[in-house]
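1. fold the following and give me the result.
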Amino acid sequence: MAQIKATNIVWHEGHVTRQQRQGLLEQQGVLVWLTGLPSSGKSTIAFTVEHALVERGRLAYVLDGDNIRHGLNKNLGFSAEDRAENIRRIGEVGALFADAGLVTLTSFVSPYRADRDAVRALMAPGDFIEVFVDTPVELCEERDPKGLYKKARAGQIPNFTGVSDPYEPPQQAELVLRTATCTPQEAALQIISLLEERGKIPPAKA
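-> A predicted model of the protein is given here:
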């Protein structure tokens, strides 16, 4: 699906640079990629970060896995091929958002390393921050607000990561959040601190 089929197309350079956009926003574009098992807490953490950043006057946006499947990726299922295309599309959108100067957070199970690495390869150095939401499957099942693990174990949901499909943890994530021992707010603060350390956003005003 990633093959270019259009013909007679030419890349057009705009008159506004990324640096100019970032200067207006007083921040640097970045894609913060939260990955982990279903019900690990990815979305809760991502939206907590978004809210905290906006409260500080920073422009942030969450691309959430379920939300994206209501629109842009509504024609994709959960086979390995469809998962790869799902992540490829979000990677392209994330690259555009980073170029626009936004702090963009994604919340996707994204179970395969190759798919996540392909997104990293799309981005300029430093633009991709992989965050592993490391939550034991037992805790994910205990939380399970949508009842998906129960349905998956009953055979009602095929290709369910953590039950009938594998999950490949990151090997070199920029940040690992162990949510069994921290709250979503504490996890969000770790992400924000990393963004400050990397110069993506200015430190909070005293």
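
2. and whichever helix in the chain runs longest, what other elements does it pack with?
-> Counting by DSSP state H, the longest helix found in the chain is helix 80-99. The contact analysis (3 or more Cβ pairs under 8 Å, 6 or more residues apart in numbering; DSSP states H and E) places helix 80-99 against strand 30-35, strand 60-64, strand 103-107, helix 113-122. Placement of C-beta: from N, CA and C, glycine included.

3. which residues touch it?
-> 1-2, 18, 21, 29-31, 33, 61, 63, 68-69, 72-73, 76, 104, 106, 108, 110-112, 114-116, 118-119, 122-124, 127 (Cβ atoms under 8 Å, 6 or more residues apart in numbering).

4. can we see that at 6 Å?
-> Identification of contacts with helix 80-99 by Cβ atoms under 6 Å, 6 or more residues apart in numbering yields 1-2, 18, 29-31, 63, 73, 76, 104, 106, 110, 115, 119, 122-123, 127.

5. center of the protein - which residue?
-> Nearest to the mean C-alpha position of the chain, by Cα atoms, centre = their mean, lies residue 106 at 2.2 Å.

6. mind checking which of the helices and strands packed on helix 80-99 is nearest residue 201?
-> strand 103-107 (6.6 Å; Cβ to Cβ).

7. that older thread, the residue nearest to the centre of the chain against residue 63, yeah?
-> Yes - using Cβ atoms under 6 Å, residue 106 is in contact with residue 63, at 4.6 Å.

8. tell me who's in contact with the nearest residue to residue 103 once chain neighbours are set aside.
-> The shortest distance from residue 103 to any non-neighbouring residue, by Cβ to Cβ, 6 or more residues apart in numbering, is to residue 60 (4.2 Å). Counting by Cβ under 6 Å, 6+ apart, residue 60 makes contact with 50, 53, 54, 103.

9. again, only using 7 Å
-> Each residue near residue 60 by Cβ atoms under 7 Å, 6 or more residues apart in numbering is listed here: 49, 50, 53, 54, 102, 103, 105.
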